[in-house]
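K.L.:
how would this look folded up:
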Amino acid sequence: MREVDRQRPWSINVWAGILNDKIIGLHFIDRLNSCKYAQILIEVLPLLLENLPLNVRQLMWYQQDEYSVHSARIITELLNRTFEDRWIGRSENNR
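P.N.:
Residues are numbered from 1 along each chain as shown. Below is the predicted model:
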């Protein structure tokens with residue numbers, strides 16, 4: 001008999017968006033931190049949104065949950081530049 005470790009603890013984050021009746025992307029992130037999240041907002045999100053009409057992108061709101069990475073200064077500054085007053089999150093009132 002030998003012991004086999006098949007159920008190691010692991011963690012993965014999934015970014016997904018919902019707009020009207022559509023799911024936008026599924027982007028998997030291993031060990032999320034503020035730098036990786038900023039990279040997703042800068043590089044991945046525009047690709048996921050490119051098929052949406054411009055007027056929809058200009059009026060849409062970005063919402064995130066209360067995960068600590070989402071309220072990092074680098075993230076809130078990026079969201080302020082990208083979405084101005086059209087984002088919802090833990091630090092949205094710190095502008």
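K.L.:
residues contacting residue 1?
P.N.:
With CB atoms under 8 Å, 6 or more residues apart in numbering as the criterion, no residue contacts residue 1. Where C-beta positions appear, they are placed from N, C-alpha and C, glycine not excepted.
K.L.:
Excluding chain neighbours, what is closest to the residue most central in space within the chain?
P.N.:
Compute the mean C-alpha point of the chain, and by CA atoms, centre = their mean the closest residue is residue 15, 5.3 Å away. Spatial nearest neighbour of residue 15, chain neighbours left out: residue 27 (4.2 Å); criterion: CB to CB, 6 or more residues apart in numbering.
K.L.:
cool, residue 52 as well?
P.N.:
Spatial nearest neighbour of residue 52, excluding adjacent residues (CB to CB, 6+ apart): residue 19 at 7.1 Å.
K.L.:
Please tell me how far stretch 75-95 is from the chain's geometric centre.
P.N.:
Distance, stretch centre to chain centre, for stretch 75-95: 13 Å (CA atoms, centre = their mean, to the nearest Å).
K.L.:
picking up where we left off before, can you get me a residue count around the residue nearest to residue 52?
P.N.:
13 (other CB atoms under 10 Å).
K.L.:
Just confirm it contacts residue 59, I think it does.
P.N.:
No: in terms of CB atoms under 8 Å, residue 19 does not count as a neighbour of residue 59; the distance is 10.6 Å.
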